[in-house]
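Undergrad: model the structure of this input:
(one chain, ligands or ions: 2)
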Amino acid sequence: MKERICKKCGFTNDTNAFYCQKCGTHLSNKGIKNFVKSLKLGSVAGGGAKGVSIAPIAGMEVDKMSGSAQSFKSVRKSYSLEDGSWYCPYCGKKNKEHAVECGDCGKAKPHD
Ligand SMILES: [Zn+2]
Ligand SMILES: [Zn+2]
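TA: Ligands and ions are numbered 1, 2, ... in the order given. The predicted structure is shown next:
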């Protein structure tokens with residue numbers, strides 16, 4: 001623990017002194033002030049951290065987006081159903097087996 005140097009008179013007090021042994025200034029205030037100061041600095045840093053913490057959330061959003069994009073891709077890959085009907089990869093409409101083009105958007109049935 002640091003020696004409690006009086007802010008007012010510069011007297012070096014015992015580490016456990018709460019008041020300056022020379023002038024009677026409340027020494028613990030200094031410590032508390034410094035503590036509060038460090039807390040304020042911490043909260044400022046926390047503000048920065050808050051800004052940083054948004055990044056992972058944004059990253060999650062990107063992951064979600066890319067995840068949905070991936071699932072959309074996988075849907076596109078398996079547009080043909082077992083009964084021969086197929087999902088339009090462009091608009092998502094389910095078309096019948098004999099349909100050569102999408103009944104909704106008119107796009108040709110894609111080949112595997
Ligand atoms: Zn003093
Ligand atoms: Zn379509």
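Undergrad: helix or strand right after the lowest-mean-pLDDT helix or strand in the chain?
TA: Sorting the helices and strands of the chain by mean pLDDT, DSSP states H and E puts helix 27-77 at the bottom, at a mean of 54. Remark: after helix 27-77, the chain's next helix or strand is strand 86-87, criterion DSSP states H and E.
Undergrad: against which helices or strands is the helix or strand that comes right after that following strand packed?
TA: Using DSSP H and E, the helix or strand that directly follows strand 86-87 along the chain is strand 94-95. Contact partners of strand 94-95 among helices and strands, from 3 or more CB pairs under 8 Å, 6 or more residues apart in numbering; DSSP states H and E: strand 86-87. In short, each C-beta sits where N, CA and C put it, glycine included.
Undergrad: anything in the strand it packs on near ligand 2?
TA: No - using CB under 5 Å from the ion, strand 86-87 never reaches ligand 2; the gap is at least 8.6 Å.
Undergrad: name the residues that touch that strand?
TA: Strand 86-87 has contacts (CB atoms under 8 Å, 6 or more residues apart in numbering) with 75, 79-81, 93-95, 97, 99, 109.
Undergrad: quick check: domain ranges of this protein?
TA: Using automatic domain parsing, the domain ranges for the chain come out as 4-77, 78-112.
Undergrad: hang on, the earlier thing: now, of the contacts of strand 86-87, which are buried?
TA: By neighbour count, with 16 or more other CB atoms under 10 Å, those hold 79, 95, 99, 109 as buried.
Undergrad: so for the third one, what's the pLDDT?
TA: Right, the one you point to is residue 99. Looking at residue 99, its pLDDT stands at 93.
Undergrad: repeat for the first one
TA: Note for residue 79: predicted pLDDT of 77.
Undergrad: look at the closest residue to it other than its chain neighbours and say how many residues are nearby.
TA: Leaving out its chain neighbours, the residue that sits closest to residue 79 by CB to CB, 6 or more residues apart in numbering is residue 87, at 4.3 Å. If you count neighbours by other CB atoms under 10 Å, residue 87 ends up with 17.
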